[in-house]
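A.B. asks: fold the stuff below for me.
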Amino acid sequence: MSLLMKTTPVLIFLLALVNCVAAQYNYVGHTIGGIIGLIILILDIIAAVEILRSGKPLVEKLLWILFILFFPIIGLVVYLLCGRARSGGL
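C.D. replies: So this is what the prediction gives:
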């Protein structure tokens, strides 16, 4: 657990780097592309923090973070649909 917490700043930096590179390839303008990239980056960081704080096994946490790191948009959507713990409601 402590190893994962020590590498958290590195993972956040890598998320930011991947999102900046992705924003350059999906060029829709300076303002719109930057805002969309920033929103995706913030949501990815929130998801990564949520994953790190979850009670999942270490390997599962690492796999989810790597999935979000390499596929920022798709990884976030898949995590939100499948990876989060479900409440006991309906």
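
A.B. asks: mind listing the helices for the chain?
C.D. replies: 2-6, 8-25, 30-53, 58-70, 72-78 (DSSP state H).

A.B. asks: go through those helices and find the least confident stretch.
C.D. replies: Of all the helices of the chain, the minimum mean pLDDT falls on helix 2-6 (a mean of 60).

A.B. asks: now F67. Nearest residue, chain neighbours left out?
C.D. replies: G75 (4.4 Å; C-beta to C-beta, 6 or more residues apart in numbering). For every residue, glycine as well, the C-beta is placed using N, CA and C.

A.B. asks: neighbours around the one you found, how many?
C.D. replies: Per other C-beta atoms under 10 Å, the neighbour tally for G75 reads 19.

A.B. asks: distance of it from W64?
C.D. replies: According to C-beta to C-beta, to the nearest Å, G75 stands 8 Å off from W64.

A.B. asks: with I51 instead?
C.D. replies: Distance of I51 to W64, computed by C-beta to C-beta: 5 Å.
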